[in-house]
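[1] below are the sequence and a predicted model for it; my questions follow.
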Amino acid sequence: MEVKLISFTPNAERICAISAALTHSNASPDEIEKMDDKTLKNILLHVLERGHLSVVEHASFTFAISGVSRVLTHQLVRHRIASYSQQSQRFVRLEEVRYVTPPSISRDDNIRKRFEDFMRKAWKEYKALLDAGIPEEDARYVLPNAAKTNIIVTMNARSLLNFFELRCCLKAQWEIRKLANMMLKEVKKVAPTIFKNAGPPCKTRGICPEKDRDCPFYPGD
Ligand SMILES: Cc1cc2nc3c(=O)[nH]c(=O)nc-3n(C[C@H](O)[C@H](O)[C@H](O)COP(=O)(O)OP(=O)(O)OC[C@H]3O[C@@H](n4cnc5c(N)ncnc54)[C@H](O)[C@@H]3O)c2cc1C
């Protein structure tokens with residue numbers, strides 16, 4: 001899996017902080033814009049800690065994600081407050097046998113071999129269908145969920161905070177959890193204040209909506 005933060009709102013934190021300051025002040029936008037970075041950062045933190053998250057909707061982040069499975073992207077696109085562009089299985093002929101192997105399968109030689117045999121068979125059938133004149137959009141029906149794909153996603157910071165709460169949790173499926181953690185690492189580099197407390201609910205709110213008492217991070221009742 002490769003994750004690149006390819007674009008983001010310039011001065012993202014300053015713009016969100018100005019928006020936060022504007023909501024709590026008599027000062028004009030011009031006066032607020034002249035505030036120094038430290039003052040603005042404190043205002044942003046204050047507002048975020050109180051859950052006024054709409055101010056961070058002004059910052060957007062675009063990621064190029066490659067080498068992930070269709071299992072992952074099916075879960076990812078359930079996050080509706082976002083924009084997506086995904087490699088098409090209609091317009092792109094998937095010549096190469098490219099798939100994701102879950103760790104639970106790769107750690108056992110016999111099971112991994114069965115899995116790999118099945119993947120090769122699936123692609124063999126796919127190519128046979130194409131050779132028989134079946135269009136890509138129909139031949140793809142035999143391809144597995146494990147098939148690798150590439151996707152570009154843009155989310156604003158508020159939607160990302162929600163995404164991290166749901167997908168950085170140990171209860172989330174391993175592949176999307178891995179993606180969420182990689183995305184979080186990237187945005188923390190460019191917007192450390194907005195994402196200071198980002199992560200699963202046990203971290204952000206000290207609660208476990210999953211009520212999973214066996215989780216090593218269970219915050220208690
Ligand atoms: C551990 C886990 C297990 C899951 N299991 C399943 C499953 O078994 N089956 C399944 O179908 N899905 C499952 N999901 C997907 C889940 O139900 C959500 O669809 C997905 O996580 C997107 O979350 P979201 O709606 O908060 O995000 P977004 O779609 O980005 O929405 C963000 C927020 O906007 C608001 N919002 C968005 N659209 C609406 C709307 N139409 N009406 C009102 N408010 C709205 C909500 O507050 C929402 O939280 C699972 C998710 C997780 C993390």
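    Structure received. Numbers count the residues shown, from 1 in each chain.

[2] nearest to the ligand within the protein, name that residue for me.
    When distances are taken as Cβ to the nearest ligand atom, the chain reaches nearest to the ligand at Arg80, 3.3 Å away. Every residue, glycine included, has its C-beta placed from N, CA and C.

[3] need the phi and psi values for that residue.
    Reported as degrees, to the nearest 10, the phi and psi values for Arg80 are phi -80, psi -20.

[4] check the one 4 residues further on too.
    Dihedral angles phi and psi of Tyr84 (degrees, to the nearest 10) take the values phi -130, psi 150.

[5] next up, the contacts around it.
    Applying Cβ atoms under 8 Å, 6 or more residues apart in numbering, we find Tyr84 in contact with Leu76, Val77, Ile151, Ile152, Val153.

[6] coming back round to it: quick check: pLDDT value at the residue of the chain closest to the ligand.
    In this prediction, Arg80 carries a pLDDT score of 98.

[7] what does the one 4 residues further on give?
    On the pLDDT scale, Tyr84 is placed at 98.

[8] neighbour-wise, which one of the contacts of Tyr84 leads?
    Neighbour counts for those were taken using other Cβ atoms under 10 Å; the highest belongs to Val153, which has 24 neighbours.

[9] what secondary structure does that residue sit in?
    Using DSSP: H, G, I helix; E, B strand; the rest coil, the three-state assignment for Val153 comes out as strand.

[10] so what's it up against?
    If you count contacts by Cβ under 8 Å, 6+ apart, then Val153 has Thr62, Phe63, Ile65, Leu76, Ala82, Ser83, Tyr84 around it.

[11] please name the bridge partners of it.
    Phe63, Tyr84 (DSSP bridges).

[12] near the ligand, which residues of this structure are found?
    Remark: the part of the chain in contact with the ligand comprises Arg78, His79, Arg80, Ile81, Ser159, Asn162, Leu166, Arg167, Lys171, Ala172, using Cβ under 6 Å from any ligand atom.
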